[in-house]
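just coords:
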């Protein structure tokens, strides 16, 4: 038996050696597509190569030499592209050293890309960081590709390895991003294909379902923190991706949750995605109708045939053009051309008119709708809005109720939660995948076809034969799904999808600028997932106030003060959100109560106290961001610095269960080579020396970074300001209101202290009259 096992192992090893030999022989015999440019005759240059470690999130470096052309062979709007060769070092175990002995004539072909500024290579710190961000993108995409490959997907995918090189002997030490040059075609005879973009394009070629499903998988595998877009390449080898993140950390091309929203709006769920356990992203009735209407008509950006250099030139120019246009693709029309009227409207929607609108709504129990603002609705439209509004105050329509999510309810905290059921994954109660069928369409003879299986599902190599369990949907995933739904509502409200508006056969001039039903649908789904901004928008609309999301919202949903209050409470109780928008919800909730809705003083005091606590929390968040920003971003190559807040992996060989646990601390010492640090832990003050691989940066919570850091926020990245989140009261106003209620309740000491604090804050803000009045009230209560 032992001999038999030995024989089998030797046979396998012999077979592998033979395959390697044949592959090397083919590489030697293959013509060098760049041979005619005589790059081998160009003088070699010394470079430092930087490779990114996704685990430690640090760059490691080594030295080598390359030969690169002096002039770019193509360029886009932002980058220039150079032909480059680099020798491959053979491993010690290599069985065919002959291939590596050919020198520069058989050196591997690389593409080196650099950013340009005023017609010259950008050597500034910003230009260098842009290159390093591109490298991080590639490695981040590789990480999620590895996750995808661990599933039962029939086709495995990969991204070309990329790294940065620094020409240390050139003036200014310019930095380039480098990757292998892709040539050839896939098994279908196609060359370089662009499968999707971060602006919503999805290639509908049936045999390329894998890239689309991979993009969706990356979102759920990362708990909604990432989505790999701009998937493009030859076969299943991809390059130059764009990562969309919740905090916009991946450069100008990272359009965050709005980019994710556009992807899911165009993503076609399939038998493949169902079997992989990817949940269905819900779309409105009009969105589904439009998707079905244009299912067979949408074009593709894919390029045919194998990649020749001429095709590469055009492709590179297009990629840079897409990078340059990314921001304007998503910008609201009101932000592109903001006139005085729109500015006034934004102001009116928050401050001076809020009390008047609430009072008017209280008196009339409903607002008088303008004929030009109310969209014509059928009974099914009314039903969709009603069902959506009902879902907004419960768990999302895709889930069943369970324990626990918090809302404020007359002094107590009630808990609910949401669990994705089989319907969310397009599965039967038994867990089996539901078969997908195409829409029926009439034949030429007038008869209707039978419902046929989805196109392409019979391709043996494309089909996933094994059904994976549903992907895990965590609280973090639900929170980020809420953000995506909210951003999709905002895109609808900013007239991004006029094609979704159904044709009713009436006057074209009466046609609304956007589909208000889709706005309500996605806002309510977001609110059901406790998205604070969505809850705020719906709370405002349900008392007749204008909202940032859509100018049509307040006139097309019924006024309901109890519902508005519940949305405010839902917003204030939401987890994984910054405090600022919760403060706005608390102010709105108190305004409704203060206008005589029947709320008692005890409930008003509770709302005021919680709102003031949220204001303090918001101030703490601001100080965290100020401290984080004060350190400066620095170069991505600087590594860890003394004073950095980090997490260190505690390694205890005596206790297996403790090994690899990360504990927060601060860097107190960095080694001379920068490859290790000494950490002082926060919990017990002990110190430990660790290599960089066992240390990771500790940043403020993603929601704090995303909401406050200028480079990452929705407002700065996309040019739009969410006026719904502006507070209508200052902290001293709320303190004075709370003090008056406390005084009425007989709590004189508490009231006196609050009046005095309000007076001090008002004086600091220059509100001398209010400060004087409140100081006098405090004195009265003291006497």
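Looks like it arrived, so ask away. Because the structure is predicted, anything quoted here is derived from the model rather than measured.

Report the spatially nearest residue to residue 722, omitting neighbours in sequence.
Computed as C-beta to C-beta, 6 or more residues apart in numbering, the closest residue to residue 722 that is not its neighbour in sequence is residue 548, at 5.0 Å. For glycine as for every other residue, the C-beta is placed from the backbone atoms N, C-alpha and C.

so the one you found sits right up against residue 723, yeah?
Yes. Counting by C-beta atoms under 8 Å, residue 723 is a contact partner of residue 548 at 5.0 Å.

by contact count, what packs against whichever strand or helix holds residue 737?
Assigned by DSSP states H and E, residue 737 belongs to helix 731-744. If you count contacts as 3 or more C-beta pairs under 8 Å, 6 or more residues apart in numbering; DSSP states H and E, helix 731-744 packs onto helix 579-594, helix 601-630, helix 748-764, helix 768-782.

TSV for the ones you listed, including distance to residue 127 and mean pLDDT?
TSV is the format used below for these (distance: least, C-beta to C-beta, whole Å; pLDDT from 0 to 100):
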stretch	distance to residue 127	mean pLDDT
helix 579-594	34	93
helix 601-630	21	86
helix 748-764	43	94
helix 768-782	51	93
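
Single out the most deeply packed of the ones you listed.
helix 579-594 (a mean of 24; mean count of other C-beta atoms under 10 Å).

sorry, back to before: more neighbours: which of residue 548 and residue 723?
Set residue 548 next to residue 723 and count neighbours by other C-beta atoms under 10 Å: residue 548 wins out with 25 against 18.

and the more buried one, how far is that from residue 721?
Computed as C-beta to C-beta, to the nearest Å, the residue 548 to residue 721 distance reads 8 Å.

Low-confidence ranges, the stretch 451-600 of the chain, go.
451-465, 504-510, 597 (pLDDT under 70).

Got phi/psi on the residue nearest to residue 722?
Residue 548 adopts backbone torsions of phi -60, psi -30, taken as degrees, to the nearest 10.

give me the beta-bridge partners of the residue lying closest to residue 219 once chain neighbours are set aside?
In space, and not counting its chain neighbours, residue 219 is closest to residue 227: 4.4 Å by C-beta to C-beta, 6+ apart. Beta bridges link residue 227 to residue 244, judged by DSSP bridges.

doesn't residue 669 make contact with residue 680?
No. Counting by C-beta under 8 Å, residue 680 stays clear of residue 669, with 9.1 Å between them.

re the thing from before, residues in contact with the residue nearest to residue 219?
If you count contacts by C-beta atoms under 8 Å, 6 or more residues apart in numbering, residue 227 has them with 215-216, 218-219, 243-244, 259-260, 263.

could I get these as TSV with secondary structure, distance to residue 177 and pLDDT?
Below are those laid out as TSV (DSSP: H, G, I helix; E, B strand; the rest coil; distance: C-beta to C-beta, whole Å; pLDDT from 0 to 100):
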residue	secondary structure	distance to residue 177	pLDDT
215	helix	22	93
216	helix	27	95
218	helix	21	96
219	helix	25	97
243	strand	15	91
244	strand	19	92
259	helix	21	91
260	helix	25	94
263	helix	24	93
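
The stretch 151-300 of the chain: strands as residue ranges?
158-159, 162-166, 175-180, 192-194, 226-229, 232-234, 237-238, 242-245 (DSSP state E, counting those that start in this stretch).

Pick out the shakiest of the ones you listed, pLDDT-wise.
With a mean of 47, strand 192-194 has the lowest mean pLDDT of these.

got any ranges where the stretch 601-750 of the chain has weak pLDDT?
627-638, 650-660, 698-720.
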